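Novice: have a look at this prediction, sequence included:
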Amino acid sequence: MKKLSLYSPNKLDKVGFIAALLCAIHCSLLPLIVVVLPVIGLSLFVTELMEWLFLAFSLTIGITSLCFGFKKHRSYKALIFLSIGFTLIVIFKLMHEHVEKSHGLHFDFYNVFLVFGGLLVALSHIINSYLCNSCERCKIH
């Protein structure tokens with residue numbers, strides 16, 4: 001008899017992947033968004049608080065999804081990508097003001113590393129989904 005579970009690694013990975021992908025898109029389009037949203041009255045979505053809330057939401061989904069997946073397939077691969085991605089995002093979010101004020105860089109490395117971090121988080125969900133689909137213990141029917 002097959003064990004029934006309310007958790008589906010693939011569904012939670014899809015939500016996490018979409019959240020991470022949206023984060024990467026948000027970071028890459030932020031310069032345009034900062035100009036456009038206040039004009040149409042939606043400046044709430046470009047605040048620092050919204051960015052940290054979105055990051056916390058994405059991290060919560062990522063940790064939940066990957067921990068459930070890890071319990072099944074016992075591989076650290078996805079967790080490593082998640083950790084590196086979120087570390088990059090947090091470090092560069094915290095360093096942004098310092099770098100901007102002290103160096104006045106014209107090319108914004110900040111957004112490049114944020115997008116790269118977001119893509120690593122999205123990749124961690126893809127890896128977790130792959131590991132769960134290729135692992136016999138993870139099959140949920």
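Specialist: Alright, I've got the coordinates. Numbers count the residues shown, from 1 in each chain.
Novice: G85 and H125, how far apart?
Specialist: 10 Å (CB to CB, to the nearest Å). (Each C-beta comes from the backbone N, C-alpha and C, glycine too.)
Novice: quick one: which of these two has more around it?
Specialist: Using other CB atoms under 10 Å as the criterion, G85 and H125 rank with H125 on top: 29 against 26.
Novice: can you pull the contacts of that one?
Specialist: D13, K14, G16, F17, A20, G62, S65, L66, A78 (CB atoms under 8 Å, 6 or more residues apart in numbering).
Novice: out of the residues you listed, which end up buried?
Specialist: D13, G16, F17, A20, G62, S65, L66, A78 (16 or more other CB atoms under 10 Å).
Novice: and the second one, its phi and psi?
Specialist: What that stands for is G16. phi -60, psi -40 (degrees, to the nearest 10).
Novice: surely it touches F68?
Specialist: No - contact criterion CB atoms under 8 Å: G16 and F68 do not qualify, at 11.0 Å.
Novice: secondary structure for the buried ones among the contacts of H125 - can I get that in JSON lines?
Specialist: Converted to JSON lines, the buried ones among the contacts of H125 look like this (DSSP: H, G, I helix; E, B strand; the rest coil):
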{"residue": "D13", "secondary structure": "helix"}
{"residue": "G16", "secondary structure": "helix"}
{"residue": "F17", "secondary structure": "helix"}
{"residue": "A20", "secondary structure": "helix"}
{"residue": "G62", "secondary structure": "helix"}
{"residue": "S65", "secondary structure": "helix"}
{"residue": "L66", "secondary structure": "helix"}
{"residue": "A78", "secondary structure": "helix"}
